[in-house]
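Chemist: With the sequence up front, the predicted model follows.
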Amino acid sequence: MSKHNARRTSLVMAGAFAAAGAAIALAPAAGAAPTADCRAPGSATVTSTTSEQASCSATSVPGSAAAAFGMDGTATANSGPQGLALAIANGGGTASSDAQNLSAPAVIAIGPGASVTAEGVRPGLALGIAGTNGKVTIDGVNGPTCSGGLAFAGDFQTLKGCFSMR
């Protein structure tokens, strides 16, 4: 790995940990929030709605796994052949993750108006995190986009990332 790629990878990972820490620190308390839990290992389809505010769905095929958790939010995870998909939505956020071909997209949307969508189409990990009014889109081909409020993405499928503080 060249020094330039190693530096870029290090920066993406440092940004991921910083954004995850900030998202956890800024997350609203979820003690009384309705929670929907959908875990689909292997060949399974799971849908859960605990209230109007919390819902999730997860679908997987043999040789893959998907998990979605809606805590006062909406989360969807779908996994095709040899994929791992994870979606977590909290406090009014919307998270969607689709995986196939040895990809592993993980998305976290925290707060009202937060939206994260990730497509895993090539081998590699993709991580998207959005706070209130933040929007992240990862298509697995062109590199991620971040806009709105606090948003971060790192995509090892394309070796690109983005960050928004607006």
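Modeler: The structure has been received and is ready for your questions.

Chemist: And the residue nearest to the spatial centre of the chain, how far from Thr50?
Modeler: Closest to where the C-alpha atoms of the chain average out (Cα atoms, centre = their mean) is Val107, at 0.6 Å. Going from Val107 to Thr50 by Cβ to Cβ, to the nearest Å gives 20 Å. Every C-beta, even on glycine, is put in place using the N, C-alpha and C of the backbone.

Chemist: average model confidence for stretch 120-130?
Modeler: Along stretch 120-130, the predicted local confidence has a mean pLDDT of 96.

Chemist: oh, I was asking about stretch 102-109
Modeler: The predicted model gives stretch 102-109 an average pLDDT of 97.

Chemist: would you list every one of the helices in this structure?
Modeler: Counting by DSSP state H, the chain forms helices over residues 3-26, given from the N-terminal end onward.

Chemist: Mean pLDDT per helix and strand in it: which one sits at the bottom?
Modeler: Per-element confidence for the chain was summarised using mean pLDDT, DSSP states H and E. The lowest value among helices and strands belongs to helix 3-26, with a mean of 47.

Chemist: Now do the contacts for the nearest residue to the residue nearest to the centre of the chain once chain neighbours are set aside.
Modeler: With sequence-adjacent residues excluded and distances taken as Cβ to Cβ, 6 or more residues apart in numbering, Val107 is closest to Val116, at 4.0 Å. For Val116, the contacting residues are 87, 93-96, 107-109, 128-130, 135-137, by Cβ atoms under 8 Å, 6 or more residues apart in numbering.

Chemist: give the contact list for Ser55.
Modeler: 36, 47-49, 70, 74-75.

Chemist: Kindly reformat those as TSV containing distance to Leu159.
Modeler: Shown next, in TSV, are those (distance: Cβ to Cβ, whole Å):
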residue	distance to Leu159
Ala36	34
Thr47	35
Ser48	35
Thr49	38
Gly70	31
Thr74	30
Ala75	27
